[in-house]
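# Predicted coordinates and the sequence they were generated for:
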Amino acid sequence: QVQLVESGGGLVQAGGSLRLSCAASGRTFTNYVMGWFRQAPGKERESVARISWSGPDTAYADSVKGRFTISRDNAKNTVYLQMNSLKPEDTAVYFCAASRIFTARSTYYDYWGQGTQVTVSS
């Protein structure tokens, strides 16, 4: 089992920044690909970013490329999502998740956090 706890969400104006954190406990954190997903009201959950177990490989949704950065600190069992130049359309609940596979498909993620709300006002 891997337990994931997100933090760092909140209300921010358009153009602002937020940094989300996801603290992991349980099984060896370094064995897993870590991903960030988001789900807006009435919409399907979508992949935002993911990072390989050792960190060199990352991938982003086209909608966030150049604005969001995913990173991880395996010594702290934590993955981060730095979000800059936020837009109202980034408003959603953000989830971190763990997978054995480097994929954007949510069905391959075995463990999920409870989510943290990000609201971007215009």
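That came in fine, so what should we check first? Residues are numbered from 1 along each chain as shown.

# how close does A92 get to Y80?
Distance of A92 to Y80, given as CB to CB, to the nearest Å: 17 Å. Backbone N, C-alpha and C define where each C-beta goes, glycine included.

# cool, and R67?
Using CB to CB, R67 is found at 14 Å from Y80.

# Same check on A49?
Taken as CB to CB, the span from A49 to Y80 is 10 Å.

# So for the two, which sits in the more crowded spot?
A49 (25 against 20; other CB atoms under 10 Å).

# Can you classify the more buried one by secondary structure?
Secondary structure, DSSP: H, G, I helix; E, B strand; the rest coil: A49 is strand.

# you'd agree it is up against F68?
Yes: A49 is within contact range of F68, at 5.8 Å (criterion: CB atoms under 8 Å).

# L81 against F68, yeah?
Yes: between L81 and F68 there is a contact at 6.1 Å, judged by CB under 8 Å.

# Could you pull out the residues contacting both of these two?
V48, A49 (CB atoms under 8 Å, 6 or more residues apart in numbering).

# Those two: which is more packed in?
Between L81 and F68, counted using other CB under 10 Å, L81 has the larger neighbour count: 27 against 21.

# what about the closest residue to the more buried one other than its chain neighbours, which helix or strand?
Distance criterion CB to CB, 6 or more residues apart in numbering; nearest residue to L81, sequence neighbours excluded, is L20 at 4.2 Å. Assessed by DSSP states H and E, L20 sits inside strand 18-26.

# what's the answer for Y80, then?
strand 78-83.

# can you state the direction angle for that strand and strand 18-26?
With axes from the mean of the first three to the mean of the last three CA atoms, to 10 degrees defining the directions, strand 78-83 sits at 160 degrees from strand 18-26.

# which residues of this protein fall in strands?
Here the chain has its strands, by DSSP state E, at 2-7, 10-13, 18-26, 33-39, 46-51, 58-60, 68-73, 78-83, 92-99, 109-112, 116-121.

# From the centroid of this structure, which residue is nearest?
Centroid-nearest residue in the chain, with CA atoms, centre = their mean: W36, separated by 2.3 Å.

# R105: what's it in contact with?
S47.

# swap in the one 3 residues further on?
When contacts are counted by CB under 8 Å, 6+ apart, Y108 touches S99, R100, I101.
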